[in-house]
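Participant: Got a predicted structure here, sequence first:
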Amino acid sequence: MIPTAAPPRVSAPGGDPTASPNRPRALRALGPAILVVVALVVLLILLAYGGGAAPLRLDDPGPVVRWGLPIAQLVVNLTAAGMVGSLVLALFALKAGTRAFDTALGVASLSAAIFTVAAGLTAFLTFLNVFNPQLDAGPEFGAQLGRFLTEQELGRAWLITVIAGAVLTVLTFAVRSWTPTLLVAILAIVALVPMATQGHSGDLGTHDTAVTSLALHTVGAALWLGGLVLAVIVRPVLDRQVLATLMARYSSIALFAFIVVAVSGVARSIIALQEWEALLSPYGLILTVKVAALVAMGALGAWYRRRLLGRLAPSSGASGSGPFWGLVALELALMGVASGAAVALSRTAPPLEETLPAIPSPAQLLTGKPVPPELTIDRWLTAWDIDLFWLLFVAFALFFYYAGVRRLHKRGDRWPLYRTVLWTAGLLLLLWVTCGPVNVYQEYLFSVHMIGHMLLGMVIPVLLVPGSPITLAARAIRKRDDGTRGGREWILWAVHSPYARVITNPWVAAGLFIVSLWMFYFTDLFRWAMYDHLGHQWMIVHFLVTGYLFVLTLIGIDPVPYRLPYPGRLALLLVIMAMHAFFGIAIMMQSGLMLAEWFGAMGRTWGAPPLEDQYVGGGIAWSIGELPTLVLGVTVAIQWSRSDERIQRRRDRQAERTGDADLAEYNAYLAKLAAEDARRGE
C-alpha cells in the first residue's frame, strides 16, 4: 500500500484556522444539549430529594402533573433565556443585516415558539395541580379552565405569558432591522415579569421584595444564559476577529447580569430562609447547590475571560481556542445545574412561611404588613424598606457616571465638579425616597406619599438634569466603527429618534408633567399604584421621567431637538406653577377622603386623622412643590443673563477681529444719508 499524505486541515467557514474543523459545529450542537440534559437531570434529582414532586395528602393531581409541571417550567425558563439573551446580544454586539444577526433572530424565534408551547402546557398543568379537576372534554371542565385563566391571578399571569410568547414568535420571525428588534427585545423582557409573580415569591410583608428580586433574577439569568448559548451557536459563521469582539461584548453583559443575579439571589435567599439553621433544610441545601453553581460560573467566567479571551483575536498570535470553548461548555453545564436547581426551588416550600395571624389587622389585610411605629423625627433617618430595583438602579447609575468622568479625566478632558455633585445628590435622594422612610410610610400616610411624589417629579429632576448624563455618555463612551451599536450609538439614536422629538418638545413635556398629575390622582391609576406593586413601580418611573423631561427642556444642556427662547421658558414655567398650585388647592378642598378604603381603613392609632392628613398632603403639593419651580425660574433667569453675556462677548470679539468694520460701515451709511438730506435742504 502506498502511503498517502495527510489531508490539510481546513477551518470551518469563518472559524479558527488552527482549530479542528468540526469543533465549532460540534459545540454548536452539543452546547445547548449539555445545558438541557444537565438541567433536566439536576431537576429530577433535586425534586426527589426536596419533595417537590411528592404526592399530596389531599387532592393529589397524580405523578404526571407533579413531575410534568416542573419540567415544563424548566423549558419555559431555558427558552425565555434563549429568546431574551439572543435579542439583547444581537442588539449590542452584532451588525444588522449580517448572517450572524439573522441567526440570532432565528434562535430567538425558535425559542419564543417553544416558550409559548411550554408556557401553555405549564398553565394547563398548574390548573390541574391547583384544582385537581376531573379531566374530561365536557363543557364544565372548559368553563373551569376558562375561569382559572381569566379570573385567578395565577391563571391570568400564565395567560398573559402565553399570549406574549405567541406575539414574540411572530415578531422575532418578521423583524430584521435595528429599531423593530429593539422593540421586540423590550417586549420579551416585559414578558418575563408575570413569571415573577408565580411560585414561592414571598408572602405578606416580604412579598414586594420577593417579587422584585425574582423578576430581576429572571431577567439577569436570561441575559447571561441566553447570550452564551447564542455565542456558541453563531460561532461557526464568524471570523476570529469578529468572534473575539463578540465575546468581549458578551463579557460586559454577563458581568452586569452576574451582579444582578447575585444581588437578587441574596435578597431572595434572606427572605426564604430568615435564619441560618434553615440552610440545613431541603430547601436550604437545594439553594446551596444553586449558589455554588452561580459562584463557580462567576469565577470561571472571570478567569477564562481575563486569561483566554484575548487568544481568540488573530492579532494575539495564539495557536488555538480549544481551551476557551472547552471552558464555555463547562460553564453551560454549570448553568444547567443552576437552572435545574432554580426550578426545584420554586417547587419546594421554604422552611419558614410567613402567615397572617388568626385575626389580622386591617393594615395586614391591605398591605400584608402591620402598621409601622409612629413617624417621629428620628425615623426620617432610620426607617428603611429596601426596593431592590431602585437600589441597583442607583448603584449602576453612579458607577457608570463616575466611570465616564474618570475616562474623561484620564484623557485630559474636563468635566465640571458641580455636575458630578448634583448627579450624586439626585441619585442619593432617589434612593432615600424609594428605599427610605417615604417608602415605609407612603402606604399609610397620604402626606408622606405626596412628599415622595413631589420629590420624584420636581426636586430629583432639578438635581439630575444639570448632571448632563447624555452629554457625558456621548463624550466618554467609545465610538464603534464596525457597524454595530453600543451604548453611545443607542443613546444618540434614542436622543434623535422621532419619539424623542415629540416627548422633548417643551409643550408636550409640560403637558405630560401637569396633565398626568391630575389624571393620576383623580382616576383609578392612584388605586392601582397603591394596591399593586407593579403599579407603584410604574408611578415612580412615570413621575421621575416626566419631571426629568420637563426640567430638561428648561435648564438642561443635553441635546434636544428644540428649546423655547428664554422668555418663553419663563412664561411656560409660570403657567405650570399656577396649574400645580391649583392641583394642591383641589386636594385641600376635597370634602371626602381619596381612596377611603385604603387610607381610611389602615387602623392607625397615631398621627393625624386620614382626612386631616390628606389636607396636609394637598398643602405639601401646593407649597413645597412650588419651591423647585422657583429654583427653576431663577436658574432660567441666570442662564438667560449668561446667554446675553456670551452673545455680547461674541460680538466684541468679532469687532476686534474686523476692526469695527461693521460699525464703520454703518456710520458711513448714516453720514451718506445726512449729506443727502443736507443737499435736499439747500
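Facilitator: Cool, got the structure.
Participant: for the helix or strand where I71 lies, what is the average pLDDT?
Facilitator: Using DSSP states H and E, I71 maps to helix 63-93. Averaging pLDDT along helix 63-93 yields 94.
Participant: do the same with stretch 156-167
Facilitator: Rounded mean pLDDT across stretch 156-167 is 93.
Participant: Tell me which residues are up against that stretch.
Facilitator: Contacts with stretch 156-167, where a contact means CB atoms under 8 Å, 6 or more residues apart in numbering, come from 76, 112-113, 115-116, 119-120, 122-123, 126, 149-150, 187, 190-191, 194-195, 197-198. Bear in mind the C-beta positions are built from the backbone N, C-alpha and C, glycine included.
Participant: Read off the pLDDT value for A53.
Facilitator: Here the pLDDT value assigned to A53 is 83.
Participant: Tell me the spacing between the spatially closest residue to G592 that is not a sequence neighbour and Q590.
Facilitator: Excluding its sequence neighbours, the residue lying closest to G592 (CB to CB, 6 or more residues apart in numbering) is L611, at 8.0 Å. Separation of L611 from Q590 (CB to CB, to the nearest Å): 8 Å.
Participant: Quick one: residues contacting M297.
Facilitator: Going by CB under 8 Å, 6+ apart, M297 touches F258, E331, L334, M335, A338.
Participant: The helix or strand encompassing the third one vs helix 63-93, what angle?
Facilitator: If you go by DSSP H and E, L334 is part of helix 322-346. Counting by axes from the mean of the first three to the mean of the last three CA atoms, to 10 degrees, helix 322-346 points 130 degrees away from the direction of helix 63-93.
Participant: Let me know how buried G483 is, in neighbour terms.
Facilitator: Neighbour count for G483, taken as other CB atoms under 10 Å: 11.
Participant: cool, and the one 10 residues further on?
Facilitator: For W493, the tally of surrounding residues (other CB under 10 Å) stands at 14.
Participant: Can you classify Q134 as helix, strand or coil?
Facilitator: Following DSSP: H, G, I helix; E, B strand; the rest coil, the label given to Q134 is coil.
Participant: The nearest residue to it once chain neighbours are set aside - how many residues pack around it?
Facilitator: Closest residue in space to Q134, ignoring its immediate chain neighbours: F141 at 7.0 Å, by CB to CB, 6+ apart. Each residue near F141 was counted by other CB under 10 Å, and the total is 14.
Participant: give the contact list for F141.
Facilitator: Listed by CB under 8 Å, 6+ apart, the contact partners of F141 are P133, Q134, L135.
Participant: Tabulate the residues you listed (a markdown table), appending distance to K290 and pLDDT.
Facilitator: Shown next, in a markdown table, are these (distance: CB to CB, whole Å; pLDDT from 0 to 100):
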| residue | distance to K290 | pLDDT |
| --- | --- | --- |
| P133 | 33 | 81 |
| Q134 | 37 | 77 |
| L135 | 34 | 77 |
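Participant: Contacts only, for S468.
Facilitator: Applying CB under 8 Å, 6+ apart, we find S468 in contact with R419, G556, I557, D558.
Participant: I should have written G265 there, sorry.
Facilitator: S213, H217, K290, V291, L294.
Participant: do that again at 10 Å, thanks
Facilitator: Going by CB atoms under 10 Å, 6 or more residues apart in numbering, G265 touches S213, L214, L216, H217, G220, A221, L287, K290, V291, L294, A338, A342.
Participant: repeat for M335
Facilitator: 34-35, 38-39, 78, 81, 221, 224-225, 228-229, 293-294, 297.
Participant: where does the stretch 251-400 of the chain dip in pLDDT?
Facilitator: For the stretch 251-400 of the chain, the stretches with pLDDT under 70 are 272, 274, 278, 304-324, 352-359.
Participant: can you give me the helices in it?
Facilitator: 282-307, 322-346, 362-367, 379-382, 388-410 (DSSP state H, counting those that start in this stretch).
Participant: do the same with the stretch 551-682 of the chain
Facilitator: Assigned by DSSP H, counting those that start in this stretch, the stretch 551-682 of the chain shows helices spanning 566-588, 596-599, 610-623, 626-658, 661-681.
Participant: Lowest mean pLDDT across those, which one is that?
Facilitator: Minimum mean pLDDT among those: helix 661-681, a mean of 65.
Participant: if we can go back for a sec, most neighbours, which of the contacts of S468?
Facilitator: Neighbour counts for the contacts of S468, by other CB under 10 Å, peak at G556, which reaches 21 neighbours.
Participant: pLDDT at that residue, what is it?
Facilitator: 86.
Participant: mind listing what it touches?
Facilitator: For G556, the contact set (CB under 10 Å, 6+ apart) comprises P461, L464, V465, P466, G467, S468, I470, T471, T504, Y548, L549, R563.
Participant: how about a cut-off of 8 Å?
Facilitator: Per CB under 8 Å, 6+ apart, neighbours of G556: V465, P466, S468.
Participant: gap between it and T471?
Facilitator: 9 Å.
Participant: tell me the domain ranges of this structure?
Facilitator: 48-54+62-313+322-346, 385-477+488-646 (automatic domain parsing).
Participant: winner for burial among those?
Facilitator: Most buried of the domains of the chain, by mean neighbour count (mean count of other CB atoms under 10 Å): domain 48-54+62-313+322-346, with a mean of 20.
Participant: ok so, going back, and of the contacts of F141, the nearest to P373?
Facilitator: P133 (46.6 Å; CB to CB).
Participant: what about that closest one, distance to T553?
Facilitator: Distance of P133 to T553, given as CB to CB: 57 Å.
Participant: for L58, same thing?
Facilitator: 62 Å.
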